[in-house]
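Participant: Quick one: sequence plus predicted model below, questions after.
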Amino acid sequence: MRGRFITLEGPEGSGKSTQAAKLCERLGEQGIEVVKTREPGGTATGELIREILQHDRAGEPLFPESEALLFAASRAQLVRSVILPALEGGAWVVCDRFADSTTAYQGYGRGFSVDDMLNINSFAVDGAQPDVTLLLDVDVALGFDRIQKRNTENGVENDRFEREAREFHERVRQGYLALAKRFPDRFRVIDASRDEGSVQCRVWETVCRALGMEAG
Ligand SMILES: Nc1ncnc2c1ncn2[C@@H]1O[C@H](COP(=O)(O)OP(=O)(O)OP(=O)(O)O)[C@@H](O)[C@H]1O
Ligand SMILES: [Mg+2]
């Protein structure tokens with residue numbers, strides 16, 4: 001049987017990576033084989049692209065058009081080399097960000113046509129549509145407080161997106177909420193401003209309900 005495909009989306013610092021890890025643990029405890037991956041990245045090519053996109057590895061300003069297409073390139077590689085083979089082999093896939101990030105960040109955030117971004121996504125993903133997308137929604141300022149704390153603790157600088165203006169991130173947040181309204185069958189919005197354990201419970205209940213599993 002084909003596996004299920006779950007994506008986590010949301011603004012900076014909403015807790016996607018934290019919750020992706022917890023969700024995979026929980027699925028594993030149910031005896032489900034699960035592949036955890038992330039975007040951009042998840043493949044050798046994708047991780048190199050991630051260095052360019054997040055950490056200015058190429059050392060030159062990126063045009064927004066190039067940025068949009070690099071995300072799509074990383075995604076195209078990930079879908080074909082990791083996601084589709086895993087799903088076809090019966091494993092579940094949990095992906096920390098996916099195509100909706102492009103629509104939210106490059107569409108709503110940068111101001112490209114949302115329909116153009118949806119078209120680029122559909123070219124990249126080859127029909128790999130998530131069964132459920134968890135939108136971890138958080139106030140931009142709260143997300144940034146968490147990121148500052150995390151980056152200070154880890155001794156790392158803010159990345160290219162974390163250095164963008166608050167207004168950019170506010171458009172991204174509102175863009176995600178607009179996408180959740182536009183695709184209500186796939187999206188579930190979760191209030192990610194609560195403590196980690198509460199969000200984790202909501203994530204689990206939501207996944208169980210969306211995918212018709214017993215919430216054990
Ligand atoms: N519900 C929560 N309440 C408080 N802090 C949290 C919560 N969830 C995660 N954190 C902490 O906030 C920071 C950001 O979380 P995390 O890295 O999971 O977010 P993210 O959405 O993956 O961020 P990014 O957009 O940078 O990838 C981490 O230090 C994490 O430990
Ligand atoms: Mg993360």
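Facilitator: Sure, I can see it. Ligands and ions are numbered 1, 2, ... in the order given.

Participant: need the contact list for T43.
Facilitator: With contact set as Cβ atoms under 8 Å, 6 or more residues apart in numbering, T43 has these partners: 74, 77-78, 81-82. Placement of C-beta: from N, CA and C, glycine included.

Participant: hmm, try it at 6 Å
Facilitator: Counting by Cβ atoms under 6 Å, 6 or more residues apart in numbering, T43 touches 77-78, 81.

Participant: for C95, same thing?
Facilitator: Each residue near C95 by Cβ under 6 Å, 6+ apart is listed here: 7, 37.

Participant: burial of the closest residue to ligand 2 within the chain, as a residue count?
Facilitator: Here the chain gets closest to ligand 2 at one residue, S17, 3.3 Å apart by Cβ to the ion. By the other Cβ atoms under 10 Å criterion, the neighbourhood of S17 contains 15 residues.

Participant: pretty sure it is touching D96, no?
Facilitator: Yes: counting by Cβ atoms under 6 Å, S17 touches D96, with 5.4 Å between them.

Participant: before we move on, back to that, got JSON lines for the contacts of T43, with pLDDT, distance to Q148 and neighbour count too?
Facilitator: Formatted as JSON lines, the entries for the contacts of T43 read as follows, by pLDDT from 0 to 100; distance: Cβ to Cβ, whole Å; neighbours: other Cβ atoms under 10 Å:
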{"residue": "Q77", "pLDDT": "98", "distance to Q148": "32", "neighbour count": "19"}
{"residue": "L78", "pLDDT": "98", "distance to Q148": "29", "neighbour count": "27"}
{"residue": "S81", "pLDDT": "98", "distance to Q148": "35", "neighbour count": "15"}
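
Participant: Going along the chain from the helix or strand containing the residue of the chain closest to ligand 2, find the next helix or strand for me.
Facilitator: Element membership of S17 [criterion: DSSP states H and E] is helix 16-29. Stepping forward along the backbone from helix 16-29, the first helix or strand reached (DSSP H and E) is strand 34-38.

Participant: Would you list the strands that that next one pairs with, along with their directions?
Facilitator: Using DSSP bridges, strand 34-38 pairs in its sheet with strand 92-96 (parallel).

Participant: and the partner strand, average pLDDT?
Facilitator: What strand 92-96 shows for mean pLDDT is 98.

Participant: Report whether that strand contacts ligand 1.
Facilitator: No: contact check for strand 92-96 against ligand 1, using Cβ under 6 Å from any ligand atom: none in range, with a minimum separation of 6.5 Å.
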